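>>> sequence unavailable; structure follows:
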């Protein structure tokens, strides 16, 4: 059975590879990306040509509970990767990091609990990072998938 999977942080380095792997595994993917006025999807802009156009993009902000709830509508599972990582910026903008990394994660978990029903089956599969991307990122995305319980087709 194909699951509709929401990947938060899909525009990030590991999130983009996770999105690609899910699409290749036959899943229906909604990629949650941070909205910006340039309509850029960051790393997803560079995904493999055979994957482009085979996932839905939801542009929003993980800090906005209404957007998070809307993104999760009709999803069966959520893989939450949205986070800020730039350490120097966090020193003088700690509240932004708390709102995104802690509150955003908590909000995702609460919304997922009330709107998603996970598939319940677990399967593992591996994939190769595409277009010269880091093998470590590929391994991280593969571990996330294997622990998620999302079945591959």
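Sure thing, it's come through. Values in this document were obtained by computation on a predicted structure and should not be read as measured data.
>>> residue boundaries of the helices in this structure?
13-24, 65-72, 87-92, 94-97, 104-115, 135-148 (DSSP state H).
>>> need the least confident one among these, by mean pLDDT.
Between these, the one with the least mean pLDDT is helix 135-148; it has a mean of 62.
>>> mind naming the longest strand for the protein?
Assignment by DSSP state E gives strand 28-34 as the longest strand of the chain.
>>> run me through the strand neighbours of that strand, direction for each.
Strand 28-34 has the following sheet partners, assigned by DSSP bridges: strand 4-8 (parallel), strand 56-60 (parallel).
>>> buried stuff in the last one?
If I follow you right, that is strand 56-60. Buried residues in strand 56-60, counting neighbours by 16 or more other Cβ atoms under 10 Å, are found at 58, 59, 60. Where you see a C-beta, it was placed from the backbone N, CA and C, and this is true even at glycine.
>>> what mean pLDDT does that strand have?
pLDDT averaged over strand 56-60 gives 96.
>>> you'd agree residue 13 is up against residue 43?
Yes - Residue 13 lies in contact with residue 43 (Cβ atoms under 8 Å); the separation is 5.6 Å.
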